[in-house]
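Trainee: Predicted model follows, preceded by the sequence.
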Amino acid sequence: MTKYTNNTQMTLPMAIWSLMDNYNHDSRDNVISVTTLLKPIRQIVLGRRYKDNMKEIDAENLIASSMGTALHDSVEKAWKQKDKVIKIMDSLGYIASESIYDEVILERRSEKEVGDYIISGQFDIAFRGTVCDIKSTSVYSFIYGSKEEDYKLQMSIYRWLNQDVITDDYGYIEYIFTDWSSVKAMQDSQYPQKRILSHKIELLSIDDTNTWINNKLALIAHYEALNDDMMIECSDEELWRSEDKYKYYKPNKSGEVNFARATKVYDNEKDAESAKSLQGGAVVLYKGEIKRCKYCNYTNICNQYEKFKLKGLLWELTLKTKWIL
């Protein structure tokens with residue numbers, strides 16, 4: 001049984017809301033969900049091997065997930081009120097509203113056997129051959145596209161699972177921005193101009209999706225047969241690891257260095273040291289931070305995580321790990 005904590009002392013009603021898991025977990029050992037399949041090999045295998053040994057989960061860490069679930073549920077709940085939906089569509093000027101309503105497919109779960117495994121997934125919306133996936137996220141995640149490849153793969157697999165109703169070679173991510181600002185939208189044309197944004201994404205072909213799935217499953221099977229010491233490690237990309245930065249601090253007239261504000265930030269040590277050799281001062285290395293471990297439920301049994309912890313590279317431990325060069 002999962003162990004929960006409430007370290008931030010939320011009131012009981014809100015703690016229960018945050019920790020409530022309404023996901024329909026499949027108890028079959030050979031089932032892998034679409035969202036799980038997108039995770040790093042190491043995380044998948046450890047999760048399958050030690051599914052009863054998860055780390056403690058604090059209510060605070062599940063607030064974002066609970067908000068996302070609530071938004072999903074509210075969309076589904078709205079569409080299930082057929083009479084009201086048709087009246088709203090009529091008021092918006094849609095013709096044949098009832099016929100359109102019947103073409104909307106919500107939260108359909110499908111599965112397919114691939115060798116010894118079963119891939120299972122549930123899309124959010126399919127409408128006239130197009131798959132749509134609802135994502136509540138920050139504006140930052142959208143601007144920098146940190147998860148777009150995952151979203152592309154996710155919707156491609158939904159099409160692979162549901163070729164009878166998802167026929168288009170593109171899908172839409174329905175972004176609901178949790179931190180959207182109308183002021184920033186007016187000031188910056190690159191900032192999302194709407195709180196809800198439909199973002200079109202080209203999908204992989206059915207053949208390419210099938211190849212990707214089979215390759216991933218082959219890796220899972222390979223590492224499931226090995227012990228923990230031989231487990232593949234998560235890559236920097238999978239860990240959402242930021243790049244190292246070299247900050248140069250110019251000395252003042254008396255030769256002293258104020259580390260409150262960097263003069264310039266460099267991506268490599270050579271350029272930073274060049275500035276230092278010309279003007280004196282100091283160069284500080286800020287190590288790239290690892291963010292994904294915070295969202296993994298098996299760091300309590302992961303030796304790669306322990307290495308990062310010893311080196312102070314984990315986002316939850318420090319946001320300013322630095323070495324003065």
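Mentor: Ah, there it is.
Trainee: Let me see the ranges of the helices in the stretch 51-200 of the chain.
Mentor: For the stretch 51-200 of the chain, the helices defined by DSSP state H, counting those that start in this stretch occupy 63-79, 82-91, 97-102, 139-143, 148-161, 182-187.
Trainee: Most tightly packed of those?
Mentor: Highest mean neighbour count of those: helix 148-161, a mean of 21 (counted as mean count of other C-beta atoms under 10 Å). Just so you know, the C-beta spots here come from the backbone N, C-alpha and C atoms, and that holds for glycine as well.
Trainee: For Glu237, which of the helices of the stretch 51-200 of the chain is the nearest?
Mentor: Each of those was checked against Glu237 via C-beta to C-beta, and the shortest separation belongs to helix 148-161, namely 9.5 Å.
Trainee: How much space separates Asp236 from Pro40?
Mentor: Distance of Asp236 to Pro40, computed by C-beta to C-beta, to the nearest Å: 11 Å.
Trainee: okay, the two: which has more neighbours?
Mentor: Taking Asp236 and Pro40 together and counting by other C-beta atoms under 10 Å, Pro40 has the greater number of neighbours (17 against 11).
Trainee: per-residue confidence at the more buried one?
Mentor: pLDDT for Pro40: 96.
Trainee: isn't it right next to Glu238, touching?
Mentor: Yes - counting by C-beta atoms under 8 Å, Pro40 touches Glu238, with 4.1 Å between them.
Trainee: so where's the longest helix in this structure?
Mentor: What stands out as the longest helix in the chain, according to DSSP state H, is helix 206-224.
Trainee: contacting residues around that helix?
Mentor: Applying C-beta atoms under 8 Å, 6 or more residues apart in numbering, the set of residues contacting helix 206-224 from outside is 32, 37, 41-42, 44-45, 48-49, 114-117, 119, 153, 156-157, 159-160, 163, 203-204, 230-232.
Trainee: Just name the shakiest helix or strand of the chain by mean pLDDT.
Mentor: In the chain, the helix or strand scored least confidently by mean pLDDT, DSSP states H and E is strand 322-324, which has a mean of 45.
Trainee: Not counting its neighbours along the chain, what's nearest the one residue sitting closest to the centre of the chain?
Mentor: In the chain, the residue lying closest to the centroid (C-alpha atoms, centre = their mean) is Lys147, at 5.8 Å. If the residues on either side of it in the chain are set aside, Lys147 comes closest to Ser141, at 6.1 Å by C-beta to C-beta, 6 or more residues apart in numbering.
Trainee: Arg241 against Lys291, yeah?
Mentor: Yes - counting by C-beta under 8 Å, Arg241 does reach Lys291; the two are 7.4 Å apart.
Trainee: Settle it for me: which of the two has more neighbours?
Mentor: Neighbour count, other C-beta under 10 Å: between Arg241 and Lys291, Arg241 has more, with 20 against 15.
Trainee: would you say that one is within a strand?
Mentor: No - residue state for Arg241 (DSSP: H, G, I helix; E, B strand; the rest coil) corresponds to coil; a strand is not indicated.
Trainee: Tell me who's in contact with it.
Mentor: When contacts are counted by C-beta under 8 Å, 6+ apart, Arg241 touches 288-291, 313.
Trainee: same thing with Asp133?
Mentor: Residues in contact with Asp133, defined by C-beta under 8 Å, 6+ apart, are 123-125, 151, 154-155, 158, 171-174.
Trainee: Give me the contact list for stretch 75-93.
Mentor: Contacts of stretch 75-93 with the rest of the structure, by C-beta under 8 Å, 6+ apart, involve 97-98, 100-101, 104, 106-107, 124-125, 134.
Trainee: Of all pairs in those, which one is the farthest apart?
Mentor: Pairwise across these, and taking C-beta to C-beta, the largest span is found between Glu98 and Ile134, at 23.8 Å.
Trainee: What's the local residue count around the nearest residue to Asn24 once chain neighbours are set aside?
Mentor: Taking C-beta to C-beta, 6+ apart as the measure, Asn24 lies nearest to Arg109, with 7.7 Å between them; neighbours along the chain are not counted. The burial metric for Arg109, expressed as a neighbour count using other C-beta under 10 Å, is 13.
Trainee: surely Arg109 meets Gln122?
Mentor: Yes - because the distance of 4.1 Å satisfies C-beta under 8 Å, Arg109 is recorded as touching Gln122.
Trainee: list residues touching both of those two?
Mentor: Both Arg109 and Gln122 lack any common contact, where contact means C-beta under 8 Å, 6+ apart.
Trainee: Do I have it right that Val165 meets Val104?
Mentor: No - the pair Val165 and Val104 fails to qualify as a contact (C-beta under 8 Å) at a distance of 10.6 Å.
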